[in-house]
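In: Here's a sequence, model it:
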Amino acid sequence: MRLIAPLVTPYTDDGSTISEIRLARLMRRYRESGLEGVVVGSDAGEFASLSLAERKRLLEWVMRDSGDMAIYVNVTAQTTAIAIDICQDAAANGGNGAILCPPMVGHLTIEEARNYLNVVRRHGNLGVGWIDPMGVLQEASSTGIDSVAVKCAEPLADHDLGQYSVTPHGANWECWTPSGVIHPAAIFGREKGEIILEKWPAMKPVLEAVIRHSGVARVGKYIVEAMGIEVGPLRGPFMPLNPAGREVVDHILSAI
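Out: Okay, the predicted model is just below:
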């Protein structure tokens, strides 16, 4: 299975800025591990803690260090205009595709969700896939316009890969793309990620529980740090993975 990692966002020690050096080191590790690609600015990358300028800068730096890796971008935003802006930026930088989810605040109707997706697809200049983690607005993707005639992100279950899901309906850090599968197991790198998926019946309950309890950003950062790559803290008010969560990740690492 071709794997794409949800990229954590490396910060400086005080969390004030994105660390260009740490990002380059992380990208090199993933590139050398044989991963198919990364997704930029997902929940694993703390996109809600990034300014618009930082989201664009992060993508620019990732693209510079990506080599021939596939790059997908989470363009989810609170407003349609910002989602289009990020999507156009991703297209201009050579991204392979975009992932759009419902805004984090507020509740869209199905008509609003359909309009949100269609307008971003029409003006974003990039293939845009729709993922609704709650599962109530997913039909918006089947009644809208095509995304420049290219399929992009879709739930794993739509491609007979539901058995590998951590979440019931998918997320911007777990979905199918034409380039490969975006999955949290890929945060460990290609080789370890493949082993986790080979042992998935035993690994799923463990990984699912720690992500559900602590969030994919905390878990992702600890995984990367445990691999010997400094990526800095999470941005406040969020704190590092607690001892119980670290023990779970250490258990996974020891099992692979």
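In: where along the protein do the helices fall?
Out: 20-33, 52-64, 80-92, 110-123, 190-198, 200-214, 216-226, 243-255 (DSSP state H).
In: Adding mean neighbour count, write those helices out as CSV.
Out: C-betas here are computed from N, CA, C, even on glycine. Below are the helices of the chain laid out as CSV (neighbours: other CB atoms under 10 Å):
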stretch, mean neighbour count
helix 20-33, 17
helix 52-64, 18
helix 80-92, 20
helix 110-123, 19
helix 190-198, 18
helix 200-214, 16
helix 216-226, 24
helix 243-255, 14
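In: Turn these into a markdown table, columns for mean pLDDT.
Out: As requested, the helices of the chain are exported to a markdown table (pLDDT from 0 to 100):
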| stretch | mean pLDDT |
| --- | --- |
| helix 20-33 | 97 |
| helix 52-64 | 98 |
| helix 80-92 | 98 |
| helix 110-123 | 94 |
| helix 190-198 | 97 |
| helix 200-214 | 96 |
| helix 216-226 | 98 |
| helix 243-255 | 94 |
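In: Using CSV, lay out the ones you listed together with distance to residue 235.
Out: Listed next are the helices of the chain as CSV, based on distance: least, CB to CB, whole Å:
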stretch, distance to residue 235
helix 20-33, 14
helix 52-64, 10
helix 80-92, 19
helix 110-123, 26
helix 190-198, 26
helix 200-214, 16
helix 216-226, 9
helix 243-255, 18
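In: Which of the ones you listed sits closest to residue 163?
Out: Each of the helices of the chain has some distance to residue 163 by CB to CB; the shortest is helix 200-214, at 7.1 Å.
In: Okay, angle between the closest one and helix 216-226 too, please.
Out: 110 degrees (axes from the mean of the first three to the mean of the last three CA atoms, to 10 degrees).
In: and the angle from helix 200-214 to helix 243-255?
Out: For helix 200-214 against helix 243-255, the angle by the same axes, to 10 degrees is 160 degrees.
In: ok, back up a step: out of the helices of the chain, the one nearest residue 131 is which?
Out: Among the helices of the chain, helix 110-123 sits nearest to residue 131 (CB to CB), with 10.4 Å.
In: Which elements pack onto the closest one?
Out: Counting contacts by 3 or more CB pairs under 8 Å, 6 or more residues apart in numbering; DSSP states H and E, helix 110-123 packs against helix 80-92, strand 97-100, strand 128-130.
In: Please tabulate these in a markdown table, including the columns distance to residue 6.
Out: Shown next, in a markdown table, are these (distance: least, CB to CB, whole Å):
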| stretch | distance to residue 6 |
| --- | --- |
| helix 80-92 | 16 |
| strand 97-100 | 10 |
| strand 128-130 | 15 |
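In: Relative to residue 37, which of those is closest?
Out: strand 97-100 (9.9 Å).
In: Check which helices and strands the closest one sits against.
Out: strand 70-74, helix 80-92, helix 110-123, strand 128-130.
In: Between the ones you listed, which one is closest to residue 198.
Out: Per CB to CB, nearest to residue 198 of the helices and strands packed on strand 97-100: strand 70-74, 22.3 Å.
In: which residues sit against the closest one?
Out: With CB atoms under 8 Å, 6 or more residues apart in numbering as the test, strand 70-74 has contacts from 4, 36-43, 45, 47, 59, 62-63, 86-87, 90, 94-101, 152-153, 172, 177, 179-180, 182.
In: All set, thanks.
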